[in-house]
Structure formats: C-alpha cells, structure tokens
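[1] have a look at this prediction, sequence included:
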Amino acid sequence: MAVSIEWYLFLSAAIFSIGLFGILTQRNALMFLMSVELLLNAANINLVAFSLYWGNLTGQLFALIVIALAAAEVAIGIGIILTVNRNFDNIDVTEAATMRW
C-alpha cells in the first residue's frame with residue numbers, strides 16, 4: 001500500500017504548526033532554535049514529497065541544501081546563545097535587547 005502525498009502534506013503542516021507555535025510563544029533561545037528546526041524540517045518533508053510525486057530529484061537536492069543551511073544556522077545560533085548566557089547568566093531572548101548601544 002503506497003502512502004499518498006496528502007499524508008506527507010498533513011504531517012508537514014502539523015510539524016510546521018508546532019514550530020510556528022514554538023516561535024511565537026517561547027522565550028528560551030534554545031527552544032526558539034528547536035522551533036526553527038521544526039519549520040525547516042517541515043519544508044524538507046514538502047520538498048521530498050513533491051519530488052517523489054513529480055518523479056524528479058530537484059526537491060531532494062533542495063532538501064539537502066536546507067539541511068546544510070540548518071546545520072550552519074544551529075552552529076551560529078549556539079555560539080550566540082553561549083555568548084548571551086555568558087553575559088546575562090540566562091538565555092531569555094527578551095534580555096538580549098539590552099545589548100544594543
């Protein structure tokens with residue numbers, strides 16, 4: 001039994017909704033980064049599902065690019081979070097507004 005594309009799109013929409021809810025409600029920077037990762041993974045599911053549906057590898061290639069982008073985003077994000085934690089002793093994103101001039 002083959003899984004239709006609607007199931008992939010439903011899964012992607014659910015993961016995207018969870019990630020968007022996390023971005024809008026979390027103050028913790030690590031949870032914020034995890035929510036961004038959920039958004040990117042939902043986009044990857046869409047890319048791979050449509051690649052499978054249309055029968056070409058373009059979507060899978062873009063998914064690999066998004067995975068590399070997500071890895072770079074996490075590396076830079078963790079560095080910023082560690083710097084904020086060192087300066088303010090917490091990782092609340094609302095506290096980092098005081099770093100401005």
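    Happy to help now that I have it.
[2] and the residue sitting nearest the centre point of the chain, what does it touch?
    Note on the chain: the residue nearest the mean C-alpha position is residue 37, at 2.0 Å, using C-alpha atoms, centre = their mean. By C-beta atoms under 8 Å, 6 or more residues apart in numbering, the contact set of residue 37 is 19, 70, 74. Every residue, glycine included, has its C-beta placed from N, CA and C.
[3] columns neighbour count and distance to residue 89 on top of those, output as CSV?
    CSV is the format used below for the contacts of residue 37 (neighbours: other C-beta atoms under 10 Å; distance: C-beta to C-beta, whole Å):
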residue, neighbour count, distance to residue 89
19, 20, 28
70, 18, 28
74, 15, 22
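[4] okay, those in TSV with pLDDT next?
    Formatted as TSV, the contacts of residue 37 follow (pLDDT from 0 to 100):
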residue	pLDDT
19	96
70	93
74	91
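[5] ok, so of the residues you listed, who is nearest residue 62?
    Checking the contacts of residue 37 against residue 62 with C-beta to C-beta, the nearest one is residue 70 at 12.5 Å.
[6] correct me, but the closest one touches residue 40?
    Yes: using C-beta atoms under 8 Å, residue 70 is in contact with residue 40, at 4.8 Å.
[7] residue 91: what's its closest spatial neighbour, skipping adjacent residues?
    The shortest distance from residue 91 to any residue other than its chain neighbours is 4.4 Å, reached at residue 29 (C-beta to C-beta, 6 or more residues apart in numbering).
[8] wait, I meant residue 59
    Distances taken as C-beta to C-beta, 6+ apart place residue 51 nearest to residue 59, at 2.8 Å, with adjacent residues excluded.
[9] for the longest helix along the chain, name the packing helices and strands.
    Of all the segments assigned as helix in the chain under DSSP state H, the longest by residue count is helix 58-88. Packing contacts for helix 58-88, counted by 3 or more C-beta pairs under 8 Å, 6 or more residues apart in numbering; DSSP states H and E, involve helix 29-54.
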